[in-house]
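>>> Mind looking at a prediction? Sequence and model below.
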Amino acid sequence: MIGVLLVNLGTPEAPTAPAVRRYLREFLSDTRVVELPRIIWWPILNGPILTFRPARSARNYASIWMPEGSPLLVYSQRLAEGLQKYADTHFPGVVRVTLAMRYGKPSLRQGLAELRQAGCEKVLLVPLYPQYAAATTASIFDKVAEEFRSMREIPELRMLRDWHDHPAYIRALAESVKHWWQENGRAKKLLISFHGLPQRSIQLGDPYRQQCKKTTALLVQELGLQQGEWVQTFQSRFGAAKWLEPYTDKTLIQLAKEGVEEIDALCPGFTADCVETLQEIALEGKETFLGAGGKALRYIPALNDNPIWINAFSEILAPSWQTWELPENFAVSTQSG
Ligand SMILES: C=CC1=C(C)c2cc3[nH]c(cc4nc(cc5[nH]c(cc1n2)c(C)c5CCC(=O)O)C(CCC(=O)O)=C4C)c(C)c3C=C
Ligand SMILES: [Fe+2]
Ligand SMILES: [Fe+2]
């Protein structure tokens with residue numbers, strides 16, 4: 001059996017200040033995420049941040065919480081189920097898909113244990129981030145390696161490091177945007193917003209900005225957009241340091257001032273909708289844009305569990321299954337739906 005371990009960031013267990021505090025404490029204690037010396041960071045984290053941020057952040061989560069739970073978890077889980085169904089149809093008995101979170105639950109330890117119990121000697125680790133950053137992708141790898149330290153027999157491991165320029169990912173994004181335009185109409189401007197990163201991370205060697213740029217270039221080409229019909233930005237600034245620019249919120253204000261009336265917003269770096277897309281862009285971003293004189297900002301949903309994406313993602317993952325010990329004479333086809 002080949003195990004596919006999908007891993008996303010993690011999310012609070014409830015939209016309440018105590019649950020958000022637990023989540024932020026684990027997340028923001030990761031040295032891959034905040035690269036400051038602990039002697040400087042610890043008092044800031046345990047002082048102002050964990051005192052004031054949980055309540056504000058909990059309100060943001062409450063505004064987007066689903067009956068089934070946090071959108072990030074709900075959509076990631078549905079994606080895992082969709083991929084399992086695909087695998088059961090095209091590679092029966094060969095692939096076991098499960099979801100884990102880097103922070104919180106379901107934990108990476110649980111995910112690895114589940115795959116071991118299912119008899120997977122091979123594990124394909126799939127961080128759910130199309131663009132590589134040390135803060136996200138490498139942090140997942142670190143945690144998996146840490147879990148391995150307490151295991152006698154570790155599985156054979158592969159990692160899908162990133163897929164920022166994979167044709168199937170670009171096609172899925174373009175198709176989902178076109179489909180959305182058909183149903184909802186189309187604004188003259190497409191805002192393409194990625195999660196930000198401190199500028200220092202790029203200076204230290206993260207390929208993240210370059211990969212975001214490439215995703216955008218390929219996507220606008222696939223959509224046939226001309227200069228002026230799109231703009232790429234970075235959102236979710238945190239703390240006082242300089243983050244990647246242009247900032248999404250400042251760009252929204254500037255566009256409104258320039259007389260742009262309608263914007264469609266897409267966040268291609270997020271495979272699952274979450275507080276960063278549903279609250280920060282669809283709610284707060286819209287408020288910012290309208291407050292500056294814009295008329296409409298319409299958020300285009302993330303790929304989530306869109307069947308277009310489940311098929312495309314399977315196409316991205318299948319080569320690993322195919323080349324990684326399938327039963328002999330196993331007929332492989334990823335072409336048919
Ligand atoms: C403090 C530094 C942060 C870095 C560096 C960072 C990088 C980074 N994050 C994502 C994806 C997501 N981030 C999400 C939430 C979130 N991110 C930070 C901080 C950093 N992120 C915080 C404090 C939070 C929590 C929300 C808040 O309090 O504002 C989420 C959503 C989680 C959810 O539960 O919905 C995602 C997804 C990427 C891709 C990335 C680097 C490229
Ligand atoms: Fe983040
Ligand atoms: Fe945010």
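That came through fine. Given the structure is predicted, the values throughout are model-derived calculations rather than measurements. Ligands and ions are numbered 1, 2, ... in the order given.
>>> Tell me who's in contact with the residue of the stretch 201-337 of the chain at minimum distance from ligand 1.
Residue nearest to ligand 1 within the stretch 201-337 of the chain (CB to the nearest ligand atom): residue 274, separated by 3.0 Å. C-beta coordinates here come from the backbone N, C-alpha and C atoms, glycine included. Contact analysis of residue 274 by CB atoms under 8 Å, 6 or more residues apart in numbering lists 9, 11, 64, 70-72, 75.
>>> what's in contact with the longest helix anywhere in the chain?
Assignment by DSSP state H gives helix 71-90 as the longest helix of the chain. With CB under 8 Å, 6+ apart as the test, helix 71-90 has contacts from 4, 6, 8-11, 64-66, 68, 94-99, 101, 128, 271-275, 278, 302, 304-305, 307, 309-311, 313-314, 317-318, 321, 332-334.
>>> Just the buried ones among those, please.
Among the contacts of helix 71-90, those scoring as buried are 4, 6, 8-11, 64-65, 94-99, 101, 128, 271-275, 278, 302, 304-305, 309-311, 313-314, 317-318, 321, 334 (criterion: 16 or more other CB atoms under 10 Å).
>>> what about the helices in the stretch 1-150 of the chain?
Secondary structure of the stretch 1-150 of the chain (DSSP state H, counting those that start in this stretch): helices at 17-28, 38-44, 50-62, 71-90, 108-117, 139-148.
>>> Which pLDDT value belongs to residue 333?
Note on residue 333: pLDDT of 54.
>>> What's the end-to-end length of stretch 41-57?
20 Å (CA to CA, to the nearest Å).
>>> Over to stretch 243-250?
13 Å.
>>> That stretch near ligand 3 anywhere?
No - using CB under 5 Å from the ion, stretch 243-250 stays clear of ligand 3, coming no nearer than 10.1 Å.
>>> Contacts for that stretch, please.
Under CB under 8 Å, 6+ apart, the answer for stretch 243-250 is 191, 193-194, 196-199, 202, 209, 231-235, 237, 281, 284-285, 288.
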